[in-house]
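>>> Following is a predicted model, sequence given first.
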Amino acid sequence: MEPEDSTFPDPSYEERCRLSPELERLRASLQPLPILHRIAFALCCAERLYPAYRGVTCDGGSRDAVRSVLDRLWSHVCGTKTTSSEVHQALIICRAIHLDDSGGGALVRDAADAVDATICILQACDGHSLDRAVSVAQILRNKIDRPLWREMSNDLFYGTDPHGDSEIEARISSHPLMVAERNREAAELRHLYECDVLTSQNVNTLRMLGRSVHGSE
């Protein structure tokens, strides 16, 4: 596996961070952590995306190809390291996932987010990429953002108001769902900073923090 490149491997990532100070702050918080801690953080975010994928596979009778990959990645951060071959095989499996969008609507989009997040974590493992780990948090925030944006844009004539987008962004940033997500992330980061080595016990604590409604409680 290659060492992490300190530059932005994704040409669009630097622009996204410039436009998203919160994600830039998150990146700065993750940067001092070891790669396994970063992956554990990304896995917590992916677990919050996973239920949508699970719902689609259950309803459609498809095989759940994501659960086993996530479970293997949790084992990886606890010390049972994955090989490059395992990572590449898991990438093939995830990239081959087909989600039937014939009527699934928003749920299928959310399920696709879970797949994309899993792919990002696998890429983070393979290249020790901090940017890929942060991308998982971005995917999760986008999932929260989408329905809120649709709802709020119906209330504002932002198409003719040059300040409309900024007002919507401010409302979403202070919305309880987005605040709760930031609180979860902050709680997970605090826990990760306290752990020199990730064990099954503190990973379980980490996952409990990720399921908490308020995160910091």
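Right, received. Where do you want to start?

>>> any idea how far the longest helix seen in the chain is from the chain center?
The residue-count maximum for a helix in the chain (DSSP state H) belongs to helix 35-60. Relative to the centre of its chain, helix 35-60 is centred 7 Å away, using Cα atoms, centre = their mean, to the nearest Å.

>>> which outside residues touch the helix or strand just after that helix?
Counting by DSSP states H and E, the next helix or strand C-terminal to helix 35-60 is helix 67-77. The contact list for helix 67-77 (Cβ atoms under 8 Å, 6 or more residues apart in numbering) reads 36-37, 39-40, 43, 46-47, 50, 54, 82, 86, 90, 93-94, 118, 121-122, 125, 198, 203. Just so you know, the C-beta spots here come from the backbone N, C-alpha and C atoms, and that holds for glycine as well.

>>> Show me just the buried residues among these.
Among the contacts of helix 67-77, those scoring as buried are 36-37, 39-40, 43, 46-47, 50, 82, 86, 90, 93-94, 118, 121-122, 125, 198, 203 (criterion: 16 or more other Cβ atoms under 10 Å).

>>> Next, the angle helix 35-60 makes with the helix or strand that contains Ala133.
Per DSSP H and E: Ala133 is located in helix 130-153. If you take axes from the mean of the first three to the mean of the last three Cα atoms, to 10 degrees, helix 130-153 sits at 50 degrees to helix 35-60.

>>> my guess is Asp64 contacts Val56, does it?
No. Using Cβ atoms under 8 Å, Asp64 makes no contact with Val56, being 9.8 Å away.

>>> coming back round to it: helices or strands up against the helix holding Ala133?
Applying 3 or more Cβ pairs under 8 Å, 6 or more residues apart in numbering; DSSP states H and E, we find helix 130-153 packed against helix 13-19, helix 21-30, helix 35-60, helix 106-127, helix 164-173, helix 176-194.

>>> Now do the longest one against helix 106-127, angle only.
Which is helix 35-60. If you take the same axes, to 10 degrees, helix 35-60 sits at 150 degrees to helix 106-127.

>>> swap in the last one?
In this structure, helix 176-194 runs at an angle of 20 degrees to helix 106-127, with the same axes, to 10 degrees as the basis.

>>> measure the residue lying closest to Ile121 once chain neighbours are set aside to Asp196 for me?
Using Cβ to Cβ, 6 or more residues apart in numbering and skipping the chain neighbours, the partner closest in space to Ile121 is Ala42 (4.9 Å). According to Cβ to Cβ, to the nearest Å, Ala42 and Asp196 sit 19 Å apart.

>>> Show me which of these two is the more surrounded one.
Taking other Cβ atoms under 10 Å, Ala42 and Asp196 do not tie; Ala42 has more neighbours (28 against 9).

>>> how close does that one get to Ser153?
Separation of Ala42 from Ser153 (Cβ to Cβ): 30 Å.

>>> before we move on, what about Leu192?
With Cβ to Cβ as the criterion, Leu192 and Ser153 are 36 Å apart.

>>> More neighbours: the two, which one.
Taking neighbours as other Cβ under 10 Å, Leu192 and Ser153 compare with Leu192 leading, 22 against 14.

>>> Please list all residues in contact with the more buried one.
The contact partners of Leu192, taken as Cβ under 8 Å, 6+ apart, are 33, 37, 40-41, 206.

>>> Can you tell me which of these is nearest Gln138?
Relative to Gln138, the closest of the contacts of Leu192 is Phe41; by Cβ to Cβ it sits at 12.7 Å.
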